[in-house]
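Q: with the input below, show me the fold.
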Amino acid sequence: MKAGKVVAYIGAAVFILFGILFIIASTDRAAGQSGWFWVGLVLLAVGIVLAYFASKKPKPAQVTNVTMDIDLPANVNMDSLKCRACGGTLSTDDIKMVAGAPVVTCPWCGTSYQLTEEPKW
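A: Model prediction:
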């Protein structure tokens, strides 16, 4: 539990305790302190509200999905990819984007390496 929640629960318990004490004290007719009843109700309400907010669970973080579209120049043909280590055939499912770079993991030998585009000239 976080420190803020612990402090909020302790504060709520103190407010509720003093609220109940003030309400009980207001019943003594000899003292003639009828204002203590309203102070006790306010303290009790503050304690209950504080306990409510301390018990609320935070909302889960939103997940953002990023879709990356790649535009290729015209007349591009897909060659079959071969693993550099074992020569096994690779598919598009074996290519993942890691830190913005395409990384290939060979299903045959388990080798992982970054794809590099070599110049055509």
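Q: tell me which stretches of this structure form helices.
A: Under the criterion DSSP state H, the chain carries helices at the ranges 3-25, 35-55.
Q: for the helix or strand of the chain with the lowest mean pLDDT, which strands pair with it and how are they oriented?
A: The helix or strand of the chain with the lowest confidence, counting by mean pLDDT, DSSP states H and E, is strand 81-82 at a mean of 82. Within its sheet, strand 81-82 is paired with strand 89-90 (antiparallel), according to DSSP bridges.
Q: OK, contacts around the nearest residue to Cys106 once chain neighbours are set aside?
A: If you skip the residues right next to it in sequence, Cys106 has Cys83 as its closest partner in space, 4.2 Å away by Cβ to Cβ, 6 or more residues apart in numbering. C-beta: built from backbone N, CA, C; applies to glycine. With contacts taken as Cβ atoms under 8 Å, 6 or more residues apart in numbering, Cys83 has the following neighbours: Thr89, Leu90, Val104, Cys106, Trp108, Cys109, Thr111.
Q: what number of residues lie near Lys58?
A: Wrong residue type there; residue 58 is Pro, not Lys. Counted with other Cβ atoms under 10 Å, the neighbours of Pro58 add up to 6.
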